[in-house]
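Asker: Need coordinates for the following:
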Amino acid sequence: MITMRHRAQSSASNEAEALQTDIMRFFAIICLCLMIVFALVQSLPVSRTENKPQMLDRDLLEQQISNLEQKAWELNQFLAALEAQVAAKKKALEANSKKLKESLERIEALERVSNEKAQALKEKKQMLSAVSALIHEAKAQEEKFRTLASKARDELVQKQADLDRTSQMVARGRDRLNTMEKTLAEARQTVADMEKQRPAPAPRATSAETTKSVEPEPEPFPAQTEKEGFSLGFKSNQDLMHLLQQGKKVKFYMLSGNKAWVLSVSSLGSVSFVSANTPEKIYKMVRSTVPEKIIPAGRKVVAAFRKSEVTYGVTLTPDITAQFGRLMQGRKGGDLVISSQGKVSLE
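Answerer: Numbers count the residues shown, from 1 in each chain. As a prediction, the model looks like this:
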């Protein structure tokens with residue numbers, strides 16, 4: 001663009017120089033004509049003493065006049081041609097000046113557009129560099145999150161396996177405890193029967209040396225104290241997930257503030273929370289008894305800074321709650337356990 005401007009300015013200067021040369025040539029011709037006229041004027045007698053004009057030859061004067069007229073006509077023609085050339089050159093110069101001005105304006109406009117495009121290109125390059133850096137950082141974060149997710153998944157599987165083993169151990173412990181309670185009851189019954197069948201003691205002998213030894217009576221077993229208060233739970237996490245997947249007898253809710261979400265379990269076992277109305281009656285669950293696969297699903301819909309800000313609970317159908325009343329009659333406490341079929345037992 002700068003080269004075009006220099007070319008346009010060079011062309012304009014060349015035309016100006018040509019016009020100036022023509023004008024100088026025109027002035028040179030005029031000066032030449034003036035010199036000829038001045039020479040003719042000087043050839044005339046200017047003596048003050050001689051008032052009468054000298055008579056010259058008529059033919060010579062006519063010849064000189066004719067020559068002068070011819071030269072004057074040629075000079076007029078040449079002058080007219082020069083004027084025409086000067087006018088044409090001036091007109092061409094004005095046109096060229098106008099074109100040059102328009103060209104300069106276009107060049108300046110193109111320069112502005114070029115500068116704007118260059119600035120925009122520079123900004124786009126900077127944005128592209130920033131986006132590339134963000135993409136690189138996002139890929140690194142994604143790889144890091146994948147590693148953390150894989151590690152968390154492995155830990156979750158391990159914890160689930162540990163929970164399953166713990167549930168099995170608790171179930172076996174309950175079975176063993178029931179068996180021990182039955183054995184203890186049978187032992188008590190046996191002792192009672194033995195007490196009933198024991199013969200009466202024999203009379204004492206007259207001699208102190210012949211006293212008969214009597215076996216000491218066995219001490220009665222201490223009576224088992226009954227647990228006070230009732231607790232509600234499920235037989236295992238698998239039973240809870242089975243009931244939630246059916247969605248007919250048990251529904252799992254998460255409460256935070258004035259909002260509530262209900263758990264949805266797909267046929268493949270994946271879980272997710274959906275916004276719902278707060279239930280009128282809910283049985284709260286301890287955080288440690290909630291299956292681990294449900295906790296991450298809750299974090300996707302609510303961000304709680306403390307565990308106490310989130311409440312977990314379930315709603316039960318009337319046929320399950322009716323079983324509570326029948327089982328709690330005449331009892332001070334115990335563990336109400338719900339199975340995968342919705343049956344409640346008191347342990």
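
Asker: Can I get stretch 143-160 in PDB, CA atoms only?
Answerer: Presented in PDB, the C-alpha positions along stretch 143-160 are these (Å, rounded to 0.1, in the frame of the first residue of the first chain):
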ATOM      1  CA  GLU A 143      -7.500 -37.200  32.800                       C
ATOM      2  CA  LYS A 144      -7.100 -36.400  36.500                       C
ATOM      3  CA  PHE A 145     -10.800 -36.700  37.100                       C
ATOM      4  CA  ARG A 146     -10.900 -40.000  35.200                       C
ATOM      5  CA  THR A 147      -8.100 -41.300  37.500                       C
ATOM      6  CA  LEU A 148      -9.900 -40.100  40.600                       C
ATOM      7  CA  ALA A 149     -13.200 -41.500  39.300                       C
ATOM      8  CA  SER A 150     -11.500 -44.900  38.600                       C
ATOM      9  CA  LYS A 151      -9.900 -44.800  42.000                       C
ATOM     10  CA  ALA A 152     -13.200 -43.800  43.700                       C
ATOM     11  CA  ARG A 153     -15.000 -46.500  41.700                       C
ATOM     12  CA  ASP A 154     -12.600 -49.100  43.000                       C
ATOM     13  CA  GLU A 155     -12.800 -47.800  46.500                       C
ATOM     14  CA  LEU A 156     -16.600 -47.900  46.200                       C
ATOM     15  CA  VAL A 157     -16.600 -51.500  45.000                       C
ATOM     16  CA  GLN A 158     -14.300 -52.400  47.900                       C
ATOM     17  CA  LYS A 159     -16.500 -50.600  50.400                       C
ATOM     18  CA  GLN A 160     -19.600 -52.200  48.900                       C
END
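
Asker: where's L148, which helix or strand?
Answerer: Secondary structure from DSSP states H and E places L148 in helix 58-197.

Asker: and that helix, what other elements does it pack with?
Answerer: Where contact means 3 or more C-beta pairs under 8 Å, 6 or more residues apart in numbering; DSSP states H and E, helix 58-197 is packed against helix 2-43, helix 237-246. The C-beta positions use only the backbone N, C-alpha and C, and glycine is treated the same way.

Asker: Single out the most deeply packed of the ones you listed.
Answerer: helix 237-246 (a mean of 18; mean count of other C-beta atoms under 10 Å).

Asker: after that helix comes which helix or strand?
Answerer: With secondary structure assigned by DSSP H and E, helix 237-246 is succeeded by strand 250-256.

Asker: what does the average pLDDT come to for that next one?
Answerer: Here strand 250-256 scores 91 as its mean pLDDT.

Asker: quick one: it to helix 237-246, angle?
Answerer: With axes from the mean of the first three to the mean of the last three C-alpha atoms, to 10 degrees applied, the angle from strand 250-256 to helix 237-246 works out at 90 degrees.

Asker: sorry, back to before: I'd like the distance from the helix holding L148 to the chain centre, please.
Answerer: Put simply, helix 58-197 sits 15 Å off its chain's centre (C-alpha atoms, centre = their mean, to the nearest Å).

Asker: what's the answer for stretch 288-301, then?
Answerer: 25 Å.

Asker: Give the buried residues for it.
Answerer: 290-291, 293-295, 297-298 (16 or more other C-beta atoms under 10 Å).

Asker: Same question for stretch 110-119.
Answerer: Buried-residue list, stretch 110-119, by 16+ other C-beta under 10 Å: empty.

Asker: likewise stretch 273-286?
Answerer: Result for stretch 273-286 [16+ other C-beta under 10 Å]: buried residues 273, 282, 285.

Asker: returning to what we had before: would a markdown table of the helices and strands packed on helix 58-197 with distance to E181 and mean pLDDT be doable?
Answerer: Listed next are those as a markdown table, based on distance: least, C-beta to C-beta, whole Å; pLDDT from 0 to 100:
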| stretch | distance to E181 | mean pLDDT |
| --- | --- | --- |
| helix 2-43 | 105 | 76 |
| helix 237-246 | 24 | 86 |
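
Asker: Can you say which of those is nearest to D319?
Answerer: Ranking the helices and strands packed on helix 58-197 by proximity to D319 (C-beta to C-beta) places helix 237-246 first, at 12.8 Å.

Asker: what's the closest one in contact with?
Answerer: Helix 237-246 has contacts (C-beta atoms under 8 Å, 6 or more residues apart in numbering) with 163-164, 167, 234, 249-252, 263, 265, 267, 269, 291, 338-340, 342.

Asker: let's go with 6 Å and repeat that
Answerer: By C-beta atoms under 6 Å, 6 or more residues apart in numbering, the surrounding residues in contact with helix 237-246 are 234, 249-250, 252, 265, 291, 339-340.

Asker: Got a quick ChimeraX command for the buried subset of these?
Answerer: Only the buried entries of these go into this ChimeraX selection, using 16+ other C-beta under 10 Å:
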select :234,249,250,252,265,291,340
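
Asker: which one among the contacts of helix 237-246 gets closest to F38?
Answerer: V265 (124.5 Å).

Asker: who does that closest one bridge with?
Answerer: V265 forms beta bridges with V271, as assigned by DSSP bridges.
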